[in-house]
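J.: A predicted structure for the sequence below; I have some questions about it.
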Amino acid sequence: MTELPPLRDVLEAHGLSADKRFGQHFLLDLNVTRKIARLAGPFEGNVVIEVGPGPGGLTRALLESDAAQVVVVEKDRRFIPLLEDLAAASGDRLAVVEGDALKVDETALLEGRVGHLVSNLPYNVGTPLLIKWLTGPWRPQSLTLMFQKEVADRVAARPGTAAYGRLTVISQAVCEARVVMDLPARAFTPPPKVASAVVRLDPRSDAPSSDTLKALEKVTAAAFGQRRKMLRSSLKSLGGATLCEAAGISPDARAETIDVAGFLRLAEATGT
């Protein structure tokens, strides 16, 4: 990887730049991408999936790691030739898949392997992708993901804070979540209008069942959809005060004051 030309030279040679339609902001500084790869590891010879690699800055760092193989999923076909060149230089350790990550079946893609997930996510699909991975059939060994700082703060928030919400509860019901790195806008090409942060999520051994998780999605959608109201009102369609009392929670409480364990009790009390 160290013998490859600089990423800026590669982009210039191919006449490529970021496309706003895909929410692209590239990380071209290999010192930064190597740090992200270190924070995401160790991979111990397992496979790593990267979504939205673009010109391959983070991909290069992942190929320098202890991952046995890196699988990249890229929707923008302009970058497929660049990634295929990188695959040729990797000695078959890089597999390139052209496709939409929101539609990709990771279980089929990895042929039964579990794998880790490491990505600088496109800003316009970061949250939907995270929800897909948290609630879908494929559960990675770990997720290390770059988001807008606002989204990262929501994932790792604590009860009673302004950032605490539905994304927080679903994320922390399934994983231990923490912000491991902050990045200013100037670290990207082109610079976005906001700062970014890397979140590491490690699956919990006591993660809820798929049925409880589905119920949790319904409960949090209702509770945070009317977060200023008391739960007796916001959860009225799911049982209101009766549901709250069954879960051992005050019907007069508001959503932002209920911790993840409390929301899991509410989900289980729905009986769905």
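T.: Okay, I see it. For clarity, every value in this text was computed on a predicted model and none was experimentally measured.
J.: Test my guess that G99 contacts V73.
T.: Yes - in this structure, G99 is within contact of V73 by Cβ atoms under 8 Å, at 5.7 Å. C-beta: built from backbone N, CA, C; applies to glycine.
J.: So the two - more neighbours on which side?
T.: Higher neighbour count among G99 and V73: V73, with 22 against 13, using other Cβ atoms under 10 Å.
J.: bridging residues for that one?
T.: V51, V97 (DSSP bridges).
J.: contacting residues for it?
T.: I49, E50, V51, G52, V97, G99, A101, V104, L109 (Cβ atoms under 8 Å, 6 or more residues apart in numbering).
J.: Can you give me the pLDDT of it?
T.: We have a pLDDT of 97 for V73.
J.: shared neighbours of G99 and V73, which are they?
T.: Counting by Cβ under 8 Å, 6+ apart, nothing touches both G99 and V73.
J.: that older thread, what's the farthest-apart pair in the contacts of V73?
T.: Maximum pairwise distance among the contacts of V73 (Cβ to Cβ): 15.0 Å, between G52 and L109.
J.: more crowded one of these two?
T.: G52 (25 against 17).
J.: Next one: that one relative to P122, how far apart?
T.: The spacing between G52 and P122, counted by Cβ to Cβ, to the nearest Å, is 5 Å.
J.: which residues do these two both contact?
T.: Joint contacts of G52 and P122 (Cβ under 8 Å, 6+ apart) are F22, Q24.
J.: which stretch of helix or strand covers R154?
T.: Using DSSP states H and E, R154 sits in helix 149-155.
J.: And that helix, what does it pack against?
T.: helix 126-135, helix 166-174, strand 175-183, strand 196-203 (3 or more Cβ pairs under 8 Å, 6 or more residues apart in numbering; DSSP states H and E).
J.: hmm, try it at 6 Å
T.: Packing contacts for helix 149-155, counted by 3 or more Cβ pairs under 6 Å, 6 or more residues apart in numbering; DSSP states H and E, involve helix 166-174, strand 196-203.
J.: Any chance you could list what contacts that helix?
T.: Outside of helix 149-155, the residues within contact range by Cβ atoms under 6 Å, 6 or more residues apart in numbering are G126, A163, G165, L167, T168, S171, A177, V179, A195, S196, A197, V199.
J.: From the residues you listed, pick the one nearest L30.
T.: Nearest to L30, judged by Cβ to Cβ, of the contacts of helix 149-155 is S196 at 17.2 Å.
J.: L183 is in contact with the closest one, correct?
T.: Yes - the pair S196 / L183 is scored as a contact, 4.6 Å apart, by Cβ atoms under 6 Å.
J.: Could you say which of the helices and strands packed on helix 149-155 is packed most deeply?
T.: Comparing those by mean neighbour count (mean count of other Cβ atoms under 10 Å), helix 166-174 ranks first with a mean of 22.
J.: For that helix, what is the distance to the chain centroid?
T.: 12 Å (Cα atoms, centre = their mean, to the nearest Å).
J.: quick one: that helix to strand 196-203, angle?
T.: 40 degrees (axes from the mean of the first three to the mean of the last three Cα atoms, to 10 degrees).
J.: could you say what helices and strands helix 166-174 packs with?
T.: helix 149-155, helix 210-225, helix 260-269.
J.: between that helix and helix 210-225, how big is the angle?
T.: Counting by the same axes, to 10 degrees, helix 166-174 lies at 150 degrees to helix 210-225.
J.: What are the contacting residues of helix 166-174?
T.: Contacts of helix 166-174 (Cβ under 6 Å, 6+ apart): L134, R154, V155, A157, A177, A207, P208, T220, F224, V260, F263.
J.: Kindly indicate which of those residues lies nearest A40.
T.: A177 (13.9 Å).
J.: partner residues bridging the closest one?
T.: Bridge pairing for A177 - DSSP bridges - gives L201.
J.: which stretch of helix or strand covers the residue of the chain positioned farthest from its centre?
T.: Among the C-alpha atoms of the chain, the one most distant from their mean position (Cα atoms, centre = their mean) is that of T242, at 34.8 Å. Using DSSP H and E, T242 sits within helix 240-246.
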